[in-house]
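Enquirer: Quick check, what structure comes out for this input:
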Amino acid sequence: MEDKAKTFKTAARDLAWLLDRGYPPKASLKLVGDRYRLPAWERALLVRAVVPEPQASWRRKKKVPARKLCGRKVAVDGYNVLATLVHGLRGRPLVLARDGFVRDAEGAGRRLRLDPQLLPALGLLKRFFRKYRPAFLGIYLDAPVSGSGELAAYLRETLLQALTLPGEVLALPEAERRVLSGEIICTADGALLDQASATFDLAGYLLRRRIPFLRPF
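Expert: Numbering: from 1, shown residues only. Okay, the predicted model is just below:
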């Protein structure tokens, strides 16, 4: 296991070297992945771990500490945060990316609502938001994902109502727009991080002291 972690770290640094010098991301990933014979899941994790340093630095500067969420309008990228929490609690590989955000190698999937780790993940979220209470909590899910409406209803009942916070849980055709309406957004999605003015790595914060993950940088 230590050898695999060392190989991944070396591959991440090689990919970072290429991206920092303007080489095409897709070709660079293939070159590095082939060189170190990385399987598909490691390549997926690698591409989420490495971004060019100027972009990584810009994202890091927009990160805020947990206490800054108190009394603010907070928007959560629902599938991104929940999937990372569930996968981490399930023991799937996680990586602390170059931009300082924790990510996994998997998508949200259609069966998140039925995952046995969803309830423990919601428990972590409840404890967090009881300590750091925002003025408004919005959780937004991508409606095109199957089961989003049912999951939104479940989150309203088991999370938002339990917290007695002003807020909403919605499944929307373009959830990203609503996420970006928050004063502080909780996500590790690169495209949203680049557009936001203030960000918080909610899943990463909750998992850092509970789950081991790769640290290539």
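
Enquirer: which residues sit in contact with residue 81?
Expert: Under the criterion of CB atoms under 8 Å, 6 or more residues apart in numbering, the neighbours of residue 81 are 186, 187, 188, 202, 203. From N, CA and C alone the C-beta is placed, and that goes for glycine too.

Enquirer: Ok, residue 163 next?
Expert: Residue 163 neighbours (CB under 8 Å, 6+ apart): 126, 129, 130, 133, 137.

Enquirer: Mind checking which of those are buried?
Expert: Listed as buried from those are 129, 133, 137; burial here means 16 or more other CB atoms under 10 Å.

Enquirer: Among the residues you listed, which are located in strands?
Expert: residue 137 (DSSP state E).

Enquirer: Out of the buried ones among the contacts of residue 163, flag the one nearest to residue 176.
Expert: residue 137 (17.4 Å; CB to CB).

Enquirer: just to revisit the earlier point, helices - which of the contacts of residue 163 land there?
Expert: Mapping those onto helices (DSSP state H) picks out 126, 129, 130.

Enquirer: Now tabulate the buried ones among the contacts of residue 163 in a markdown table and tack on pLDDT.
Expert: Putting those into a markdown table (pLDDT from 0 to 100) gives the following:
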| residue | pLDDT |
| --- | --- |
| 129 | 98 |
| 133 | 98 |
| 137 | 98 |
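
Enquirer: Make TSV from the contacts of residue 163 and add distance to residue 103 to it.
Expert: Formatted as TSV, the contacts of residue 163 follow (distance: CB to CB, whole Å):
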residue	distance to residue 103
126	23
129	22
130	26
133	27
137	23
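
Enquirer: mind listing what's buried in the helix or strand containing residue 177?
Expert: Residue 177 belongs to helix 175-179 when assigned by DSSP states H and E. Within helix 175-179, the residues that count as buried by 16+ other CB under 10 Å are 175, 176, 178, 179.

Enquirer: Also stretch 63-71?
Expert: Result for stretch 63-71 [16+ other CB under 10 Å]: buried residues 63, 68, 69.

Enquirer: Check stretch 153-166 too.
Expert: For stretch 153-166, a neighbour-count test (16+ other CB under 10 Å) marks 155, 156, 158, 159, 160, 163, 165 as buried.

Enquirer: can you tell me the distance between the two ends of that stretch?
Expert: 16 Å (CA to CA, to the nearest Å).

Enquirer: how far out from the middle of the chain is that stretch?
Expert: Distance of stretch 153-166 from the chain centroid (CA atoms, centre = their mean, to the nearest Å) equals 21 Å.

Enquirer: What of stretch 178-193?
Expert: Distance of stretch 178-193 from its chain centroid, counting by CA atoms, centre = their mean, is 10 Å.

Enquirer: For it, buried residues please.
Expert: Buried residues in stretch 178-193, defined by neighbour count with 16+ other CB under 10 Å: 178-180, 182-190, 192-193.

Enquirer: Pull the residues that contact that stretch.
Expert: Stretch 178-193 is contacted by residues 48, 51, 59, 62, 64, 68-69, 72-77, 80-81, 84, 97, 99, 101-103, 134, 138, 140, 170, 172, 176, 195-196, 198-204 when judged by CB under 8 Å, 6+ apart.

Enquirer: Stretch 20-30 now?
Expert: Residues from elsewhere that reach stretch 20-30 (CB under 8 Å, 6+ apart): 15, 18, 19, 43, 46, 47, 52, 53.
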